[in-house]
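Asks: sequence first, predicted coordinates after that:
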Amino acid sequence: QQKVQQSPESLSVPEGGMASFNCTSSDRNFQYFWWYRQHSGEGPKALMSIFSDGDKKEGRFTAHLNKASLHVSLHIRDSQPSDSALYFCAASENSGTYQRFGTGTKLQVVP
Amino acid sequence: EAAVTQSPRNKVAVTGGKVTLSCNQTNNHNNMYWYRQDTGHGLRLIHYSYGAGSTEKGDIPDGYKASRPSQENFSLILELATPSQTSVYFCASGGTGGQDTQYFGPGTRLLVL
């Protein structure tokens, strides 16, 4: 059973547009959440982490966490073709040492 | 930036053969991980390690063994490779805390014929 679910499976946005990703968890022990990005032919790379309820902004990227509903989202404003990639949500427990990953959302930014 | 390397980058193996995938990290991280990536399944944890000499089973350990002979090196071993193990394998390293980010290698593409 997948403990971390992501939606949508794929997403296409115009250059300069907003891309939004969703992630929900079925495990209330998860306390820490990450977004990773994977370009084609490469390994995943951490994009940003969020551990507290509310918003966290880093440049064009904003993550939002609601622990009560176990929902985390990622928004990319002013999307660029270089943002085209696979985006993973990951979560770990407070005392855990490894992360559980979702199935990913494929983003295509169309020039 | 943290550095994780994997070898080989591509591997073709025969069914029933033995395959060893290697991973090296220069981050001095205690924890290391092996994942496989398949379309529709995302990244699934196979084995992980807390340090030299330790290996732990992840979510899908069947058919795989792991070895951590040193802080820097972590290997994934397929004793009897099967076509269902055709996949892309990623190694990662990270700290010991639940809040620590993981750093991934570039991946190994394995094809079992």
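Replies: Cool, got the structure.

Asks: from now on I want contacts and neighbour counts done on CA atoms only, so please keep to that.
Replies: OK.

Asks: excluding covalently adjacent residues, which one is nearest to the residue of chain B at minimum distance from chain A?
Replies: Closest approach of chain B to chain A (Cα to the nearest Cα) occurs at B:G42, with a separation of 3.8 Å. Distances taken as Cα to Cα, 6 or more residues apart in numbering or on different chains place A:T103 nearest to B:G42, at 3.8 Å, with adjacent residues excluded.

Asks: low-confidence stretches in chain A?
Replies: Within chain A, the segments meeting pLDDT under 70 span A:1, A:96.

Asks: quick check: residues of chain B near chain A?
Replies: Those residues of chain B that sit near chain A, judged by Cα under 8 Å from any Cα of the partner chain, are B:31, B:39-45, B:90, B:96-99, B:101-107.

Asks: from these, which land in strands?
Replies: Counting by DSSP state E, those place B:31, B:42-45, B:90, B:102-104 in strands.

Asks: and these as JSON lines, adding distance to B:G63?
Replies: As requested, these are exported to JSON lines (distance: Cα to Cα, whole Å):
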{"residue": "B:N31", "distance to B:G63": "22"}
{"residue": "B:G42", "distance to B:G63": "19"}
{"residue": "B:L43", "distance to B:G63": "17"}
{"residue": "B:R44", "distance to B:G63": "14"}
{"residue": "B:L45", "distance to B:G63": "13"}
{"residue": "B:F90", "distance to B:G63": "16"}
{"residue": "B:Q102", "distance to B:G63": "24"}
{"residue": "B:Y103", "distance to B:G63": "25"}
{"residue": "B:F104", "distance to B:G63": "22"}
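
Asks: identify the farthest-apart pair in the residues you listed.
Replies: B:N31 and B:G42 (20.7 Å; Cα to Cα).

Asks: which residues does the closest residue to chain B within chain A contact?
Replies: Distances between chain A and chain B by Cα to the nearest Cα are smallest at A:T103, namely 3.8 Å. For A:T103, the contacting residues are A:4-6, A:88, B:39-43, by Cα atoms under 8 Å, 6 or more residues apart in numbering or on different chains.

Asks: pick out the most distant pair among these.
Replies: A:V4 and B:T39 (15.4 Å).

Asks: more crowded one of the two?
Replies: A:V4 (22 against 10; other Cα atoms under 10 Å in any protein chain shown).

Asks: what pairs with that one across the strands?
Replies: Listed by DSSP bridges, the beta-bridge partners for A:V4 are A:S25.
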